[in-house]
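Colleague: whatever this is, show me its structure:
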Amino acid sequence: MKSSSASSLSKRSPGRPREFNLDEALDRAIGLFSEQGYYGTSVSDLSAVMNVTVGSLYKAFPDKHAIFIAAFDRYLAVRGGHLAERLSKLSSGRQQIEGILRHYAEYSFGARGARGCLVVASAVELSTLHPDIARRIAQLMAHYRQRFQQCIAQGKQDGSVPSHIDAEAIAALLLCITQGMRVLGKTGVTEDDMQLMVATALTLVS
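Modeller: Numbers count the residues shown, from 1 in each chain. The predicted structure is shown next:
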């Protein structure tokens, strides 16, 4: 899967071989940023974990912020792709809501939960001082909320969600639950804890 950040390497001089696999390097950067945060991660840290020399990093990206943005976009593309594939196999609106909840639950316990969510971490750490990131996150949250609203609307049409459900209010609450799952994932909650949260959240559309 190519991310928009791949273009950063296309600017190198013609005939010059690519020095590293961008997506693989960004995947490693995602883990580091998720675990240590933006301010806790140095370019030297990134160089070590991405297995790329500092010089090569600066040939591909102007600064740490650019590396972070590329990693953030890669994170969204990969996670979004996984969720889209999952939802493509589900038909009713309620099934899709459950699919979204289980997707978040699976990333919110064990090693993946402890690793953390780059979106949540960025919202907490960077939104105040980095308007560009704040805008990205606000747009992303609006998109997530709208997706829940669409699933609820679809569920009302196909009969899997009761017609009296307030789509806007419940979508907002489901958004809070999914983002809260990712926060709790850092605290050592278990798979059973997550599955209980999913089952309880589904009562909102029952």
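Colleague: gap between the two ends of stretch 96-116?
Modeller: Distance across stretch 96-116, first residue to last, is 24 Å (C-alpha to C-alpha, to the nearest Å).
Colleague: and stretch 106-116, by the same measure?
Modeller: End-to-end span of stretch 106-116 (C-alpha to C-alpha): 12 Å.
Colleague: run through who's touching it.
Modeller: 31, 34-35, 79, 117, 181-182, 184-186, 188-191, 193-194 (C-beta atoms under 8 Å, 6 or more residues apart in numbering). All C-beta atoms are positioned from the backbone trio N, CA, C, and that covers glycine.
Colleague: quick one: contacts for the residue positioned nearest the centre of the chain?
Modeller: The chain has Leu76 as the residue nearest its centroid, 4.8 Å off, counting by C-alpha atoms, centre = their mean. Listed by C-beta under 8 Å, 6+ apart, the contact set of Leu76 reads 119, 140.
Colleague: right, and the helix or strand after the one helix or strand it maps to?
Modeller: Assigned by DSSP states H and E, Leu76 falls within helix 64-87. Per DSSP H and E, the first helix or strand lying C-terminal to helix 64-87 is helix 93-106.
Colleague: mean confidence score for the very next helix or strand once past that next one?
Modeller: Next helix or strand after helix 93-106 toward the C-terminus (DSSP H and E): helix 110-115. Averaged across helix 110-115, the pLDDT comes to 94.
Colleague: report the distance from the next helix or strand along the chain from helix 110-115 to the chain centre.
Modeller: Using DSSP H and E, the helix or strand that follows helix 110-115 towards the C-terminus is helix 118-125. Offset of helix 118-125 from its chain centre (C-alpha atoms, centre = their mean, to the nearest Å): 10 Å.
Colleague: how about helix 118-125: buried residues?
Modeller: 118-123, 125 (16 or more other C-beta atoms under 10 Å).
Colleague: what's the single longest helix in the chain?
Modeller: helix 131-158 (DSSP state H).
Colleague: quick check: next helix or strand after that helix?
Modeller: By DSSP H and E, the next helix or strand past helix 131-158 is helix 167-184.
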